[in-house]
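The following comprises the amino acid sequence and a computationally predicted model.
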Amino acid sequence: MKRRINQTGRLRLTGKHVAISLEEGPPRTADVALDLDGLELPAGARVYIEAYSRVGFQLERFDFGTVSEPVTDQPLVLTRVTSSSPLFRVKVVDVNQHPGRLLAEGDTIAPESPGQACGEDESMLHVDFSDLGELVWRLTYGSGGPLLELDHKVTKDQARNDPVFRALVYPSVFMDILEHAQRLADDPEADWVQAWLKFGRSMARQDPPANGADDELDPEWQQWTAEAVAGFCRAHKLATEAAKIWRRQGE
Amino acid sequence: MSLRGLTESGIEQFRLFLGSDKVHGPAPLSLLEEPSHSRLIDRGVTIEPIYAQSKEDLARYLCTALGTLVERPAEESVGMWTGLALFYFDLICPVTGGCRRVREDSLYVLSGDWKKHHRHLIATPCRLYYYHQTGARVLLSGPPHKLGDLLEQVAARQDLISNQAVIGLLDALYYDRSSGRPKRGATDRKRPGSLRRLVDFLDQLELTYDLHSLTTEQLRLLLPGEEFARWLR
């Protein structure tokens, strides 16, 4: 089990402190609203905004001024981050006592628009489309949680609404995420894990096992995960909806 | 030749060539002249066949020729980089003893898959040189047809290769000035202070520090001394 320790007491920035809205343009711009009041950060600490894509080679960094004087008069112009699902990171950095040390950080902040997620909970599962060759989907995990990558031959509409796609892909995606989350269940800093376990609990209609799993073969977790996935399929009538399509195709 | 990029059909033809027996013969440069397989990118940008001993030599030449075209977003530049790979195919896949040793497509055809994207033998060295010039020499040493272990291990990490201080640290730790090559054992996974250990250490440090705010010297002072000291000699 992995566990991160916050030895330097850095603060976590959440949606309460940062709001980012994206305009596709051109040029593509991001408006950032920061509210750092009450966090007792040094006035002179520097603020940086990073736009990035979890899909590879894209990172753009902006100097956003200081805690007391943030640069809020101009939107950030994104030229290198072209991903359909960009994410943002906000860093407040010490410039005096320990230069470069993070005083506060918010990561994997999704902009308010455009709609970039699909599946059951738009804010939980980030989706990106790229060239995966003949692979239809792939899950990858970063510090901010799972990213569902779909090959660009799949359309957003198919990913959201096609009953066959939903029935064949999302249960496996959900199971993989729960299996990954259970190994990090004891990590208090992994917000995404707690969110998915909560979602799993609502689908399984029972609490997950008390402790994180040491491996994916833990029988208690296996059973709970299977219940959650079955509940998910039931809640959305995945087999029934897919069968309607197959029947129509057979007529 | 004015700079031309391959179209989708040109890329397909290039892929077919890579997978065929003809690959040991001359590269199909005619694809770069046929309008159905390629299109002009910029009449003012010309490229010529060159001899390059290292990735740095090739990247320096191309960065001068291409200018800001190097910065084009990945999805808009697949045709350009793949066309360049075709044009310089003899450099990045040389004929030795009558044969070419062709490796996976993503070394020659720029992949849209981020797990393979960084392996391109033209695009990755050019981007590195464009942003770091000779500062990236430890990553760009070695012949153009080999990505090299060092570059292979860090090129996939955009956060690291875009960071001037990290590139400077790589140079300080692993570049052997006397030989002009990476120090022996730098990519040996079992060796203390090797690149793999450095990447693990930077991953850990990133939880506490903003690496982009640090200089190479500040990063160096944060290294666990006993493990990395020998590499700094």
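Sure thing, it's come through. These numbers were taken from a predicted model, which means no experiment stands behind them. Residues are numbered from 1 along each chain as shown, chains lettered A, B, ... in the order given.

can you list the residues of chain A near chain B?
Chain A comes close to chain B at residues A:4, A:7-8, A:10, A:46, A:48, A:52, A:55-59, A:61, A:79-80, A:82, A:91, A:93, A:95, A:99-102, A:130-133, A:152, as judged by C-beta under 8 Å from any C-beta of the partner chain. C-betas here are computed from N, CA, C, even on glycine.

Okay, and which of these map to strands?
A:46, A:48, A:52, A:59, A:61, A:91, A:93, A:102, A:130 (DSSP state E).

among the residues you listed, which two are most distant?
Maximum pairwise distance among these (C-beta to C-beta): 32.9 Å, between A:46 and A:130.

Any quick ChimeraX command for the buried ones out of the residues of chain A next to chain B?
Provided next is the ChimeraX selection string for whichever of these are buried by 16 or more other C-beta atoms under 10 Å in any protein chain shown:
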select /A:10,46,48,52,55,56,57,58,59,61,80,91,93,100,101,102,130,131,132
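
For residue B:145, grab the count of nearby residues.
Using other C-beta atoms under 10 Å in any protein chain shown, residue B:145 has 19 neighbouring residues.

Would you check how far apart it and chain A are?
Using C-beta to the nearest C-beta, to the nearest Å, residue B:145 is found at 22 Å from chain A.

Using the three-state scheme, assign that residue.
Under the three-state scheme (DSSP: H, G, I helix; E, B strand; the rest coil), residue B:145 adopts coil.

per-residue pLDDT, it?
Per-residue confidence (pLDDT) for residue B:145: 96.

And the nearest residue to it once chain neighbours are set aside, its phi and psi?
Leaving aside its chain neighbours, residue B:145 sits nearest to residue B:92 (5.0 Å; criterion: C-beta to C-beta, 6 or more residues apart in numbering or on different chains). Dihedral angles of residue B:92 (phi, psi; degrees, to the nearest 10) stand at phi -100, psi -10.

Would you mind naming what in chain B lies close to chain A?
Counting by C-beta under 8 Å from any C-beta, chain B comes close to chain A at B:71, B:73-75, B:111-115, B:117-118, B:158-159, B:162, B:207-214, B:218.

if you set the cut-off to 6 Å instead, what comes out?
Chain B has residues B:73-74, B:112-114, B:117, B:158, B:162, B:208-210, B:213-214 near chain A, with proximity defined as C-beta under 6 Å from any C-beta of the partner chain.

Serialize those residues to JSON lines and add fields for neighbour count, secondary structure and pLDDT.
Below are the residues of chain B next to chain A laid out as JSON lines (neighbours: other C-beta atoms under 10 Å in any protein chain shown; DSSP: H, G, I helix; E, B strand; the rest coil; pLDDT from 0 to 100):
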{"residue": "B:73", "neighbour count": "13", "secondary structure": "coil", "pLDDT": "76"}
{"residue": "B:74", "neighbour count": "25", "secondary structure": "helix", "pLDDT": "77"}
{"residue": "B:112", "neighbour count": "20", "secondary structure": "coil", "pLDDT": "82"}
{"residue": "B:113", "neighbour count": "18", "secondary structure": "coil", "pLDDT": "81"}
{"residue": "B:114", "neighbour count": "23", "secondary structure": "helix", "pLDDT": "78"}
{"residue": "B:117", "neighbour count": "23", "secondary structure": "helix", "pLDDT": "87"}
{"residue": "B:158", "neighbour count": "19", "secondary structure": "helix", "pLDDT": "78"}
{"residue": "B:162", "neighbour count": "20", "secondary structure": "coil", "pLDDT": "85"}
{"residue": "B:208", "neighbour count": "17", "secondary structure": "coil", "pLDDT": "91"}
{"residue": "B:209", "neighbour count": "24", "secondary structure": "strand", "pLDDT": "93"}
{"residue": "B:210", "neighbour count": "23", "secondary structure": "coil", "pLDDT": "94"}
{"residue": "B:213", "neighbour count": "18", "secondary structure": "helix", "pLDDT": "93"}
{"residue": "B:214", "neighbour count": "23", "secondary structure": "coil", "pLDDT": "94"}
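
Turn those residues into a markdown table, columns for distance to residue A:139.
Output for those, formatted as a markdown table (distance: C-beta to C-beta, whole Å):
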| residue | distance to residue A:139 |
| --- | --- |
| B:73 | 25 |
| B:74 | 21 |
| B:112 | 18 |
| B:113 | 14 |
| B:114 | 14 |
| B:117 | 18 |
| B:158 | 20 |
| B:162 | 25 |
| B:208 | 28 |
| B:209 | 29 |
| B:210 | 28 |
| B:213 | 32 |
| B:214 | 33 |
